[in-house]
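Colleague: model this:
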Amino acid sequence: MDREDVVMAATDNEEAAPELDDMKKRLKEMEDEAAALREMQAKVEKEMSSAQDPAAATSQASREEVDSRSVFIGNVDYSCTPEEVQQHFQSCGTINRITIRTDKYGQPKGYAYVEFFETEAVQEALLLNETELRGRQLKVTAKRTNIPGMKQFRPRRPNPYMGLPPRASHMPPYFYSPYGYGKVPRYRMPMRYSPYG
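Modeller: Numbers count the residues shown, from 1 in each chain. Purely as a prediction, here's the structure:
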């Protein structure tokens with residue numbers, strides 16, 4: 001019996017050897033194809049990034065150049081018009097554009113930007129800091145350039161109402177007792193034989 005088992009095992013190995021070689025060949029072909037695809041993808045990504053960088057660099061450079069000719073004006077009266085802002089800053093130099101920022105409903109936010117044709121006009125405009133327009137003292141500073149992706153991180157404050165039942169989420173966790181005994185927990189476990197339930 002042992003001899004037959006050995007002979008059968010040898011024939012199984014001989015039959016499996018070509019299949020195993022074929023599988024190894026296919027695996028090698030697949031690995032070569034995957035390496036070629038990775039190379040092609042890297043090449044395409046390199047071409048795409050080189051094509052996008054000049055446009056992004058020029059737009060960033062032009063944005064910085066425009067911002068160097070602009071000033072931020074804070075504490076602008078809500079009913080102030082661009083013509084009034086232009087009249088206030090026309091002594092500084094030639095104005096290219098005035099932007100009064102508004103919210104999604106079209107209401108002014110209380111600040112504006114003035115873009116000049118010359119960069120020297122910015123220094124003249126900074127001298128108008130703390131001057132009055134429509135009875136409000138203006139805050140004039142040089143406009144800063146925002147860097148994309150560099151948002152200031154502000155951590156979230158903990159919510160003191162977390163963990164309360166849904167009906168109590170609008171109430172503080174403690175209230176002051178009308179009897180003058182200090183803070184009393186808002187929600188207590190009811191006692192079994194309490195007259196209050």
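Colleague: Surely residue 115 is in a strand?
Modeller: Yes - following the definition DSSP: H, G, I helix; E, B strand; the rest coil, residue 115 is counted among the residues of a strand.
Colleague: give me every residue that touches it.
Modeller: Contacts here follow C-beta atoms under 8 Å, 6 or more residues apart in numbering; on that basis residue 115 touches 66, 69-70, 95-99. For glycine as for every other residue, the C-beta is placed from the backbone atoms N, C-alpha and C.
Colleague: same check, this time on residue 76
Modeller: 85, 100, 108, 110-112, 133, 136, 138.
Colleague: measure it to residue 114 for me?
Modeller: 11 Å (C-beta to C-beta, to the nearest Å).
Colleague: circling back: buried subset of the contacts of residue 76?
Modeller: Buried positions within the contacts of residue 76, assessed by neighbour count (16 or more other C-beta atoms under 10 Å), are 85, 100, 108, 112, 133, 138.
Colleague: Find the nearest non-adjacent residue to residue 108, please.
Modeller: If the residues on either side of it in the chain are set aside, residue 108 comes closest to residue 78, at 4.8 Å by C-beta to C-beta, 6 or more residues apart in numbering.
Colleague: show me the contacts for the one you found.
Modeller: Residue 78 sits next to 107-108, 110 when contact means C-beta under 8 Å, 6+ apart.
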